[in-house]
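In: For reference, the sequence and a predicted model appear below.
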Amino acid sequence: MAHQQVKKPVSSEQMESKSFGQVSGSTLRDVRASVTDMLAAIGLGEVRPATLAERLGIDKTLAWKLSRFVRSPDPLGGFRHLPGSSGMDIVLRAVTDAGATEPDVEKVRGSLERLETLIDSHGGDRATFQILADNHARAGSERASAENRRQLFRSASSVWGVQADAQVLLTITHPSREDNDLMDIAHVSGFVNLQRLRPNLPWVVRRNRYGDDDADTTWRPPETEPLEPGAGADGSAPILRAFSSPDLPELRRFNGGDGFTYHELPPGPVGKVGALTCYMGEIVRRAAPRRYAPNNTVGLYRLTVRTPVKHVLFDMVLHKDVPRATEPRVSVHSLYEGRPPQKFDDPGTDVLPVDGQVQPLGTPPRFSTPKIPGYRELAASVLERAGWDPAEFEAWRLIIEHPPAPCTLTITFDLDPGSA
């Protein structure tokens, strides 16, 4: 029997004339269609994993992958399920034994050859091509992104020798009692169950600086006071001892020469037995203007993630007199390049496709969360120490699993022009 002529592989010139999404989507659709037609021709059109395994005599995992690829609504999203070269060789031998015609099998081989050319040209290897496909996929991209971030967390924990269950930022904004045109901001930041995974490892748990809208660090910092009386004396970290680990060591303070003041956890026991929870909190008086102005159009709150953490909990709490015109919105930006922001409201470059939405916590806010023991009591304590009534506040929460450190998480909203 004569072999059916196989289409020539896609040339690099052809691939250059179209986008990666167009070329790869078209090629993967050809693979999916040829596989689907081949299976349908031998009575396996429903492509159920159990039926494929039984009829073809192949491994159940291989059958499951083949089924997921064929059934995927988006070929780019389904690429991760397409069996590799050895797996497809097994499938093609099995379908031949099950009665598939040579032309049908050759169509599949031809489409797979064109795909291999595409993988080599665009990715160089299957793993890199997988990343490209995930970043262009319409369906299933969030699940792929979540899995990639989980793998990044595990790898970063191993490489850097540290990880934490959670990183927390709680910000509470209230009009200043001394100047109604300004706002006081209470903030609590910290880590839950921070573990050193390598001996003799110090780790920075806090860095802060003050500056104007043009990032001028010579600007006089606003008045700050610790949430826990007596904490933060002589430049030490404003630890909230009541909510931190009782055996938390003294943090080392140093100036980095870049305008930042750093507080560093010293080396200590590794693993779970040495895990520490550390919260720090302050009230910044007259921290920001409250009303809309040409150079003050948005409210902006930012959390920087530099430590491998399983999840971030970021609560933004606003007094009812903060003139908000829009719902809060979230952006996630890469710090990997190290490009400094040029202005206060410039979060940097490279918006990351991270699945995270701000969820309302109501009025008064309901701070309870199963992820962080004692967090509700911590938030209530901050409001009580600041002398603020919870009934006058509304809150929103952002939770992101395995945030891609280093990055910044930014929550913004437009200020009401009517407050000018």
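Out: Sure, I can see it. Numbering: from 1, shown residues only.

In: Can you give me the domain assignment for the chain?
Out: In the domain annotation for the chain, the residue ranges read 12-139, 149-419 (automatic domain parsing).

In: buried stuff in stretch 50-59?
Out: Judged by neighbour count (16 or more other Cβ atoms under 10 Å), stretch 50-59 contains these buried residues: Leu52, Ala53, Arg55, Leu56, Ile58. (Glycine included, C-beta is placed from N, CA and C.)

In: picking up where we left off before, save the domains of the chain as a markdown table, and put in mean pLDDT too.
Out: Listed next are these as a markdown table, based on pLDDT from 0 to 100:
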| stretch | mean pLDDT |
| --- | --- |
| domain 12-139 | 87 |
| domain 149-419 | 86 |
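
In: What's the end-to-end length of stretch 247-263?
Out: Counting by Cα to Cα, to the nearest Å, you get 17 Å between the two ends of stretch 247-263.

In: Now do the buried residues in it.
Out: Leu248, Leu251, Tyr262, His263.

In: residues in contact with that stretch?
Out: Counting by Cβ atoms under 8 Å, 6 or more residues apart in numbering, stretch 247-263 makes contact with 202, 204-209, 211, 217, 235-237, 239, 241, 264-266, 268, 276-278, 280, all of which sit outside it.

In: Would you quantify the distance from the closest residue to Gly78 other than its chain neighbours to Leu118?
Out: Distances taken as Cβ to Cβ, 6 or more residues apart in numbering put Ser72 closest to Gly78, at 2.6 Å, once the chain neighbours are dropped. Applying Cβ to Cβ, to the nearest Å, the value for Ser72 to Leu118 is 17 Å.

In: And Leu398, by the same measure?
Out: Leu398 is 38 Å from Leu118, by Cβ to Cβ.

In: Any figure for the gap between Gly87 and Asp59?
Out: In this structure, Gly87 and Asp59 are 9 Å apart, going by Cβ to Cβ.

In: farthest-separated two in the buried residues of stretch 50-59?
Out: Across these, the longest distance by Cβ to Cβ is 9.0 Å; it joins Arg55 and Ile58.

In: Now do the buried residues in the lengthiest helix in the chain.
Out: In terms of residue count, the longest helix belonging to the chain (DSSP state H) is helix 20-41. Of the residues in helix 20-41, 20, 23-25, 27-28, 30-32, 34-36, 38-39, 41 count as buried by neighbour count, 16+ other Cβ under 10 Å.

In: Kindly export that helix (C-alpha atoms) in CSV.
Out: This file holds the C-alpha atoms of helix 20-41, laid out as CSV (Å, rounded to 0.1, in the frame of the first residue of the first chain):
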residue,chain,number,x,y,z
PHE,A,20,3.3,32.1,17.9
GLY,A,21,-0.3,31.7,19.0
GLN,A,22,-1.6,31.5,15.5
VAL,A,23,1.0,29.0,14.3
SER,A,24,1.1,26.8,17.3
GLY,A,25,-2.7,26.8,17.6
SER,A,26,-3.1,25.8,14.0
THR,A,27,-0.5,23.0,14.3
LEU,A,28,-2.0,21.6,17.5
ARG,A,29,-5.5,21.7,16.0
ASP,A,30,-4.1,19.6,13.1
VAL,A,31,-2.7,17.1,15.6
ARG,A,32,-5.9,17.0,17.6
ALA,A,33,-8.1,16.6,14.5
SER,A,34,-5.9,13.8,13.0
VAL,A,35,-5.9,11.9,16.3
THR,A,36,-9.6,12.3,16.8
ASP,A,37,-10.3,11.1,13.2
MET,A,38,-8.0,8.1,13.7
LEU,A,39,-9.7,7.0,16.9
ALA,A,40,-13.2,7.6,15.5
ALA,A,41,-12.5,5.4,12.5
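
In: Just after that helix, pick out the following helix or strand.
Out: Taking DSSP states H and E as the definition, the helix or strand that follows helix 20-41 towards the C-terminus is helix 49-56.

In: tell me what that next one is packed against?
Out: Judged by 3 or more Cβ pairs under 8 Å, 6 or more residues apart in numbering; DSSP states H and E, the packing partners of helix 49-56 are helix 60-71, helix 85-97.
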